[in-house]
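Novice: sequence and computational prediction follow.
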Amino acid sequence: MNSSESSCIQTADFQFVLFPVVYSFVVVFGLLGNVFALYMFMCKITPRTSTSVYVINLALADTAFLCTLPFRIHYHLNQNDWIFGDKACQITGTLFFANIYISIAFLSCIAIDRYVATVHPHVYLRLQRSPCTQLVSLSVWTVAGVAVSIFIMVGPLESNSTDGRRSCFENFSEYEWDTRLAAYSACSLLFGSLVPFVIIMVCYPLVARRIARIHTGTSRRALRVICAILGITVLCFLPYHIVYLLHLLVRLRVIQYCPFASAIYRARRVTMALVSINSCLDPVIYYFSTSFCKLNRPTWLSLGRHHRVYNISCKM
């Protein structure tokens, strides 16, 4: 809490149970799912398509995120008292939050890839013969790596201690919000969440509309997969970023009404747990999403105003 909020006590005791339970579930099932996805896409699925490359990168990002959760579990079981030192807090905390935006970036890449494959199959086949996918993936990791490195090298963020507890990546001081975090948070919300979310919410409905014109059992199953992908995106990411925007407004003292600030604090704890569940769902959903649309040789298929298109082979 900063000085302007000194009279507004923000508590959420349920977090000491919520986070350990949810994070433990996510670690166990997320690691199993992502390791299996990496094995399948790297060793069993050939030839390697652009979507499978993005899924591999997504699984790697999720695995890195899952490796930070045991530290967060101990932190919350210890009543939000960090015992592992400033450097460990910087690394695990930065990776924890950076993964949210890395995951959204690769989900956006998959959405664009599926759109091009379905709506512009000739362009898609040309892209498969170019290093475009590898360059995009490298760009995502480079931007994320530079941002994380700068954040760590600048030094630890000053946190306000509560009841003698050592906070880790939360309860930042008013000085940190005014000098670093406000601008960083605004850029993250705009470029790391809003833009990718718009891409996903535009591309997949267009893909669904095109697939819906193919009246087969496989197309109906593909539509259900797309609906599930959109549902998980909305469930896991949208609440987190809406609440994070409200949290930013509280820390910028735009929202000063204490009951609202307290409610936003509690909601943020819930959405932070919710967004972590995405790491469990990614390998399941995207295994099926990459298998339902595979481009084969050109065949004559009536699909709207395009007649000579590449057949969509769907396996569920």
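Specialist: Received it, and whenever you're ready, just let me know what you need. Numbers count the residues shown, from 1 in each chain.

Novice: any idea how far I226 lies from R209?
Specialist: I226 sits 10 Å away from R209, taking C-beta to C-beta, to the nearest Å as the criterion. (C-beta placed from N, C-alpha, C; glycine too.)

Novice: same check, this time on F151
Specialist: With C-beta to C-beta as the criterion, F151 and R209 are 40 Å apart.

Novice: cool, and H247?
Specialist: 36 Å.

Novice: isn't I100 up against C236?
Specialist: No: with contact defined as C-beta atoms under 8 Å, I100 does not reach C236; the gap is 9.4 Å.

Novice: now for the two: what residues contact both?
Specialist: Residues within reach of I100 and of C236 at once, by C-beta atoms under 8 Å, 6 or more residues apart in numbering, are V275.

Novice: show me what contacts I277?
Specialist: Counting by C-beta under 8 Å, 6+ apart, I277 makes contact with V22, V26, C236.

Novice: same thing but 10 Å
Specialist: For I277, the contact set (C-beta atoms under 10 Å, 6 or more residues apart in numbering) comprises V22, Y23, F25, V26, F29, G30, I232, L235, C236.

Novice: next, count neighbours for the last one.
Specialist: The one in question is C236. Number of residues near C236 (other C-beta atoms under 10 Å) recorded here: 22.

Novice: over to the fourth one?
Specialist: When neighbours are defined as other C-beta under 10 Å, V26 has 23 of them.

Novice: so how far is I200 from it?
Specialist: 21 Å.

Novice: coming back round to it: who has more neighbours out of F151 and R209?
Specialist: F151 (17 against 13).

Novice: name the element that one belongs to?
Specialist: helix 132-154 (DSSP states H and E).

Novice: roughly how far is that helix from the heart of the chain?
Specialist: Computed by C-alpha atoms, centre = their mean, to the nearest Å, the chain-centroid distance of helix 132-154 equals 15 Å.

Novice: please apply the same query to stretch 52-67.
Specialist: Distance, centroid of stretch 52-67 to centroid of chain: 10 Å (C-alpha atoms, centre = their mean).

Novice: just the buried positions in that stretch, please.
Specialist: Buried residues in stretch 52-67, defined by neighbour count with 16 or more other C-beta atoms under 10 Å: 52-66.

Novice: what's the closest non-adjacent residue to L249?
Specialist: I255 (4.7 Å; C-beta to C-beta, 6 or more residues apart in numbering).

Novice: ok but the one you found is inside a helix, no?
Specialist: No: going by DSSP: H, G, I helix; E, B strand; the rest coil, the assignment for I255 is coil, not a helix.

Novice: thought it was touching V243?
Specialist: No: with contact defined as C-beta atoms under 10 Å, I255 does not count as touching V243 (12.0 Å).

Novice: so the two - more neighbours on which side?
Specialist: Neighbour totals were compared for I255 and V243, and V243 leads with 22 against 15 (other C-beta under 10 Å).

Novice: what about the more buried one, distance to R266?
Specialist: Counting by C-beta to C-beta - V243 and R266 are separated by 10 Å.

Novice: can you check D113 too?
Specialist: 38 Å.

Novice: compare those two and say which is more crowded by neighbours.
Specialist: D113 (25 against 16).

Novice: OK, contacts around that one?
Specialist: With contact set as C-beta under 10 Å, 6+ apart, D113 has these partners: 49-55, 124, 127, 132-133, 136, 203, 290, 293.

Novice: buried subset of the residues you listed, written for PyMOL?
Specialist: Restricted to buried positions by 16+ other C-beta under 10 Å, the PyMOL selection for the contacts of D113 reads:
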select buried, resi 49+50+51+52+53+54+55+124+127+133+136+203+290+293
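
Novice: among the contacts of I277, which are in helices?
Specialist: Those of these mapping onto helices are V22, Y23, F25, V26, F29, G30, I232, L235, C236, per DSSP state H.

Novice: mind picking the lowest-pLDDT entry from those residues?
Specialist: Ranked by pLDDT, those bottom out at I232, which has 78.
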